[in-house]
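A.B. asks: Kindly return the folded structure for what I paste below:
(chains A and B)
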Protein chains: 2
Amino acid sequence: MLEQSTRSERGSMTGEEARRAVREGRLSCQTSSLAPGYVQGNLVVLPQDIAGDFLRFCQRNPKPCPIIGMTEPGDPHIPDLGVDLDLRTDLPGYRVWRDGELVEEPGDLLSHWRDDLVGFVIGCSFSFEEALLADGLEVRNVAEGVNVSMFRTSIPCAPAGPFAGPVVVTMRPFSPADAIRAIQITSRFPSVHGAPIHIGQPEQIGIRDLSKPDYGDPVAIRDGELPVFWACGVTPQAVIAAARPPFAITHAPGAMLVTDLKNSRLSIL
Amino acid sequence: MLEQSTRSERGSMTGEEARRAVREGRLSCQTSSLAPGYVQGNLVVLPQDIAGDFLRFCQRNPKPCPIIGMTEPGDPHIPDLGVDLDLRTDLPGYRVWRDGELVEEPGDLLSHWRDDLVGFVIGCSFSFEEALLADGLEVRNVAEGVNVSMFRTSIPCAPAGPFAGPVVVTMRPFSPADAIRAIQITSRFPSVHGAPIHIGQPEQIGIRDLSKPDYGDPVAIRDGELPVFWACGVTPQAVIAAARPPFAITHAPGAMLVTDLKNSRLSIL
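C.D. replies: Residues are numbered from 1 along each chain as shown, chains lettered A, B, ... in the order given. Alright, predicted model coming up:
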């Protein structure tokens, strides 16, 4: 689905170059492997009258919902994430929701943006996966070239206004020694889900079958490996879908916002 | 077994006061709960001709054998651990070994010390247990008032000279969330065994029955808890016993050296 750019260009772009390519229609589809090293984020856009409840929801649930940037009402820009950044044009695809129903999948938001909309950018596990890979760990979904396995858990989020629902987690299997290392590494990234919230014992958090994820793809779990579970940015999307707000916009699956922040700068140590 | 000191005195002593009480015969037996907040260490004393091999063994196996202090040959003092500290008198009990056989359990080393002896003080998990407890985690062996469970594993130490053998581990059970927290906390203490070396899956490291520790006491493991395994300072003692050196001295079980170092100062973060 690359249009006027090659794979090697994707892998050497800066965040700003990636956004420009998206904005100019030279790049569509997924942002995975685009502009390595730069933070990518999930997008949530809500009308101002419920954006306050959603902000409070994220504040109460920082592990699944780490906000890395948000707009002023009506302003589609977030200069802290990129001077030129425009939420209306800089993602490869969007989903527009009315009363909880998907009504449109536009390529930009130029005709959808409104003066009362507030945009939220929520951290994603791409950032810490890069650190795991850099440490030499095998991240199974990356090794298998598939989407990470995601599961709804029995762990409730702390509710706020209409927003409530279970924590969604990603699962990556590791040998016990690598699981310990993965905990150490991801603990350094509290703003992108941070340390795992669970390890082993999937039934304790309401997961019955690791081979049947609720979102994403199944991955192989080898003998002696432990499943390790991180809070996931799909949580707020599932919560918004359940809350059925009159109007909402999210990124299309896999079509994230690429920012100017470096993943390495999110590390607290 | 307290002699001229009460339990409350034990719990309010500094490291220096604790050593003085031991030296003056006012305190015998175990050093557990003595001088809280101060680093305690395992003692190993070897003749100079094999001390170099042992030092190399520790250097190659820093997780089970973290050296926090060592003497010049013949000098029983380690000023870095305490200005007045004297390895000959400051531990409540000692064990003297000849050719791998326990031959004597003296109360001091005044008549055993020699000009060719080198003393090693090796960090112990008391230091990180204090940090786990301070964080509100339940450390099962402390809660049950028993010695920690220890197991010989199938993981070989890196050998050096005559010193070789398996890594010995301590095991503490935790809920999955508490296990993740315990990994974070103990990662901050690399000089006292640091992060666990294994989690869950005891059979992977050659442990068949968690209710039958090779050293120490069994502890209850509740439904849904994971066993978490840390490298243990008993490793060098087991290795020395197996190497059967002509002469060696160790601390008596539970009768550790109390230093002037604060546990909290061992934290790297």
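
A.B. asks: Can you report how many residues lie near A:Asp223?
C.D. replies: By other CB atoms under 10 Å in any protein chain shown, 7 other residues sit near A:Asp223. Just so you know, the C-beta spots here come from the backbone N, C-alpha and C atoms, and that holds for glycine as well.

A.B. asks: Let me see the contact set for whatever residue of the stretch 1-150 of chain A ends up closest to chain B.
C.D. replies: Nearest to chain B in the stretch 1-150 of chain A, going by CB to the nearest CB, is A:Lys63, at a distance of 11.3 Å. Residues in contact with A:Lys63 (CB atoms under 8 Å, 6 or more residues apart in numbering or on different chains) are A:167, A:193-194, A:197, A:231.

A.B. asks: On the three-state scheme, it is what?
C.D. replies: Three-state assignment for A:Lys63 (DSSP: H, G, I helix; E, B strand; the rest coil): coil.

A.B. asks: Please tell me how far it sits from A:Thr170.
C.D. replies: The gap separating A:Lys63 from A:Thr170 is 12 Å, by CB to CB, to the nearest Å.

A.B. asks: With A:Pro62 instead?
C.D. replies: From A:Pro62 to A:Thr170 the distance is 16 Å (CB to CB).

A.B. asks: which of the two has more neighbours?
C.D. replies: Taking neighbours as other CB under 10 Å, A:Pro62 and A:Thr170 compare with A:Thr170 leading, 25 against 15.

A.B. asks: Am I right that A:Ser191 is in a helix?
C.D. replies: Yes: counting by three-state DSSP, A:Ser191 falls inside a helix.

A.B. asks: rewinding a little: next one: the residue of the stretch 1-150 of chain A closest to chain B, what pLDDT does it get?
C.D. replies: The model reports A:Lys63 with a pLDDT of 95.

A.B. asks: would A:Val45 count as being in a strand?
C.D. replies: Yes: going by three-state DSSP, the assignment for A:Val45 places it inside a strand.

A.B. asks: surely A:His251 meets A:Asp90?
C.D. replies: No: contact between A:His251 and A:Asp90 fails when scored by CB atoms under 8 Å: they sit 10.3 Å apart.

A.B. asks: Common neighbours of these two, please.
C.D. replies: Common neighbours of A:His251 and A:Asp90 (CB under 8 Å, 6+ apart) are A:Leu257.

A.B. asks: What segments of the stretch 1-150 of chain A are helices?
C.D. replies: A:7-10, A:15-23, A:48-60, A:126-134, A:140-144 (DSSP state H, counting those that start in this stretch).

A.B. asks: Using a markdown table, lay out those together with mean pLDDT and distance to chain B.
C.D. replies: Output for the helices of the stretch 1-150 of chain A, formatted as a markdown table (pLDDT from 0 to 100; distance: least, CB to the nearest CB, whole Å):
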| stretch | mean pLDDT | distance to chain B |
| --- | --- | --- |
| helix A:7-10 | 68 | 34 |
| helix A:15-23 | 95 | 30 |
| helix A:48-60 | 95 | 18 |
| helix A:126-134 | 92 | 14 |
| helix A:140-144 | 95 | 17 |
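
A.B. asks: Any chance of these in a markdown table with distance to B:Gly11 as columns?
C.D. replies: A markdown table is the format used below for these (distance: least, CB to CB, whole Å):
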| stretch | distance to B:Gly11 |
| --- | --- |
| helix A:7-10 | 62 |
| helix A:15-23 | 56 |
| helix A:48-60 | 40 |
| helix A:126-134 | 42 |
| helix A:140-144 | 49 |
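
A.B. asks: of all the ones you listed, which lies closest to A:Phe189?
C.D. replies: A:Phe189 lies closest, by CB to CB, to one member of the helices of the stretch 1-150 of chain A: helix A:126-134, at 4.6 Å.

A.B. asks: Which positions in the closest one come out as buried?
C.D. replies: When neighbours are counted by 16 or more other CB atoms under 10 Å in any protein chain shown, the buried residues of helix A:126-134 are found to be A:126-132.

A.B. asks: Pick the one among these closest to B:Arg208.
C.D. replies: A:Leu132 (31.9 Å).

A.B. asks: who's in contact with the closest one?
C.D. replies: By CB under 8 Å, 6+ apart, the residues touching A:Leu132 are A:139, A:182, A:185-186.

A.B. asks: nearest to A:Phe163, of these?
C.D. replies: The closest of those to A:Phe163 turns out to be A:Thr186 (CB to CB; 25.2 Å).

A.B. asks: A:Val148 contacts A:Asp214, doesn't it?
C.D. replies: No: between A:Val148 and A:Asp214 there is no contact under CB under 8 Å: 11.9 Å.

A.B. asks: higher neighbour count, these two?
C.D. replies: A:Val148 (23 against 15).

A.B. asks: All the strands of the stretch 151-269 of chain A, residue numbers only.
C.D. replies: Counting by DSSP state E, counting those that start in this stretch, the stretch 151-269 of chain A has strands at residues A:166-174, A:198-199, A:226-231, A:248-251, A:257-262.

A.B. asks: Packing partners of the first one?
C.D. replies: If I follow you right, that is strand A:166-174. Helices and strands touching strand A:166-174, as assessed by 3 or more CB pairs under 8 Å, 6 or more residues apart in numbering or on different chains; DSSP states H and E, comprise helix A:140-144, strand A:149-156, helix A:176-187, strand A:226-231, helix A:234-243.

A.B. asks: Look up the pLDDT of A:Gly233 for me, please.
C.D. replies: 91.

A.B. asks: quick one, what contacts it?
C.D. replies: Contacts of A:Gly233 (CB under 8 Å, 6+ apart): A:42, A:64-66, A:122-125, A:193.

A.B. asks: again, but for A:Glu225
C.D. replies: A:173-175.

A.B. asks: again, but for A:Gly107
C.D. replies: Taking CB under 8 Å, 6+ apart as the test, what A:Gly107 contacts is A:25, A:28, A:92-94.

A.B. asks: quick check, nearest of those to B:Leu85?
C.D. replies: A:Pro92 (66.0 Å).

A.B. asks: Skipping its backbone neighbours, what lies nearest the closest one in space?
C.D. replies: What sits nearest to A:Pro92 in space, not counting adjacent residues and going by CB to CB, 6 or more residues apart in numbering or on different chains, is A:Ala255, at 4.1 Å.

A.B. asks: Same check on A:Cys58?
C.D. replies: Closest to A:Cys58 by CB to CB, 6+ apart is A:Cys65, at 3.9 Å.

A.B. asks: Could you report the neighbour count for the one you found?
C.D. replies: 27.

A.B. asks: now do the one 4 residues further on
C.D. replies: By the measure other CB under 10 Å, the count of residues near A:Gly69 is 21.

A.B. asks: Same check on A:Glu72?
C.D. replies: For A:Glu72, using other CB under 10 Å, the count is 11.

A.B. asks: likewise A:Met150?
C.D. replies: Residues near A:Met150, counting by other CB under 10 Å: 22.

A.B. asks: do the same with A:Gly145
C.D. replies: Other residues close to A:Gly145 by other CB under 10 Å number 8.

A.B. asks: Quickly note the distance from it to A:Ala243.
C.D. replies: A:Gly145 is 34 Å from A:Ala243, by CB to CB.

A.B. asks: swap in A:Asp260?
C.D. replies: 31 Å.
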